[in-house]
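Participant: here is a sequence with its predicted model. Questions after.
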Amino acid sequence: MMNIIELTHAFFRYYKHIDITSSVFLLTFLVLGYFSDLSYGVIGLLFTQVLLAVAIKYYSFRLSIDEQIFRSFIHQPSEIACQQAENIDQSLALLKLATPLTPTRSWQARCVATLKLIKIQFSLFFIQVLVAFVSVIFFNNT
């Protein structure tokens with residue numbers, strides 16, 4: 001049976017694909033918007049695409065940090081990896097990218113938090129795809 005750390009590590013390959021596909025969606029619809037009449041609806045849809053792409057980039061950044069933590073845990077002794085993970089948690093709290101944690105998080109808590117980030121990123125990507133479909137319908141009607 002696969003443990004939660006291996007499962008979380010297996011999901012890391014997906015966040016990069018979501019990030020790249022999100023960027024392609026954004027560039028495609030910016031080009032489409034450039035060549036179409038810019039009504040308020042088109043501007044609103046393009047602005048929504050930009051906001052969603054920026055949010056997806058943010059979660060991709062956060063997931064890349066978590067990927068480094070898990071990679072160091074897999075390839076190094078556990079106490080060194082735990083110390084590096086604590087240092088990264090403190091840095092994220094200092095940059096206000098995460099809430100400050102006083103007790104040390106367990107690896108299971110880290111996995112749950114990482115899977116939550118992946119779910120949020122995927123949900124934002126799903127919304128971006130829906131906005132893209134609405135944009136295609138809207139562009140075809142203008």
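Facilitator: Received, thanks.
Participant: rest of the way, CA atoms for contacts and neighbours
Facilitator: Noted.
Participant: so where's this structure shaky on pLDDT?
Facilitator: Within the chain, the stretches with pLDDT under 70 are 1-2, 76-78, 80-81, 97, 100-104, 139, 142.
Participant: residue contacts, the residue nearest the centre of it?
Facilitator: In the chain, the centroid-proximal residue (Cα atoms, centre = their mean) is Tyr59; its distance is 2.7 Å. Taking Cα atoms under 8 Å, 6 or more residues apart in numbering, we find Tyr59 in contact with Leu117, Ile118, Ile120, Gln121.
Participant: just these: which are in helices?
Facilitator: Per DSSP state H, helices hold the following members of the contacts of Tyr59: Leu117, Ile118, Ile120, Gln121.
Participant: circling back: whichever of the contacts of Tyr59 end up buried, select them in PyMOL.
Facilitator: In PyMOL, a selection of the buried entries from those looks like this (16 or more other Cα atoms under 10 Å):
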select buried, resi 117+118+121
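Participant: which of the contacts of Tyr59 lies closest to Arg110?
Facilitator: Leu117 (10.6 Å; Cα to Cα).
Participant: now the closest one: how far from Lys16?
Facilitator: Applying Cα to Cα, to the nearest Å, the value for Leu117 to Lys16 is 13 Å.
Participant: re earlier: tell me which of the ones in helices among the contacts of Tyr59 is nearest to Gly44?
Facilitator: Gln121 (21.4 Å).
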